[in-house]
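In: only geometry, no sequence info:
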């Protein structure tokens, strides 16, 4: 199978921690301030999701489900770093997070998993909307990796949901 991310200008060894040291001048990719606002909104959404999954993780007693939720949480944290890096490339500034978190853990595990599936579905639509806005292959690769993780995480959540629904 031919990998999607092989192009002549693909840069290897992407550091997911941060690209702040690379202060590269970006021409024409990020001229539109609305794109910066969109990226900032998505970063805030990612932060909200990471806090949501962290709270679910803290409240799970079943070790198998706990490990699955932990892997989803870690994927969301990685996504957050990628989106923060894209924002930094665009603005040479860090994201200013807004505190408008509306994702609260209910405490009913079945309902929290249902909500998680819908939150990730909405998030995947937001990320997909970003993908078409860029020509830069490196940024597209980051976005595609986020999308791939999200879709895998949605499959895991569906597995958990089916499993716990059958045990009622």
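Out: That came through fine. As the structure is a prediction and not an experimental result, all values here were calculated from the model.
In: Residue 89 against residue 138, yeah?
Out: No: counting by C-beta atoms under 8 Å, residue 89 sits too far from residue 138 to count as a contact (9.2 Å). (Glycine included, C-beta is placed from N, CA and C.)
In: which of the two has more neighbours?
Out: residue 89 (20 against 17; other C-beta atoms under 10 Å).
In: Leaving aside the residues adjacent along the chain, what's closest to residue 131?
Out: residue 143 (4.7 Å; C-beta to C-beta, 6 or more residues apart in numbering).
In: what does residue 35 give?
Out: residue 133 (6.2 Å).
In: mean confidence score for the helix or strand hosting residue 144?
Out: In the assignment (DSSP states H and E), residue 144 maps to helix 137-166. When pLDDT is averaged over helix 137-166, the result is 94.
In: before we move on, what about stretch 87-95?
Out: Per-residue pLDDT over stretch 87-95 has a mean of 85.
In: again with stretch 116-131
Out: Across stretch 116-131, the per-residue pLDDT values average to 93.
In: 799 is where my numbering starts, stick with that
Out: Shifting the count to begin at 799 puts that one at stretch 914-929.
In: How about residues contacting it?
Out: With C-beta atoms under 8 Å, 6 or more residues apart in numbering as the test, stretch 914-929 has contacts from 836-837, 839-840, 843-844, 847, 850-851, 854, 870, 877, 884, 901, 938, 941-942, 944-945, 948-949, 951-952, 955-956, 959.
In: Quick check: residue 936 vs residue 838, distance?
Out: As judged by C-beta to C-beta, to the nearest Å, residue 936 and residue 838 stand 20 Å apart.
In: do residue 945 as well
Out: From residue 945 to residue 838 the distance is 19 Å (C-beta to C-beta).
In: Comparing these two, which residue is more hemmed in?
Out: Taking other C-beta under 10 Å, residue 945 and residue 838 do not tie; residue 838 has more neighbours (20 against 17).
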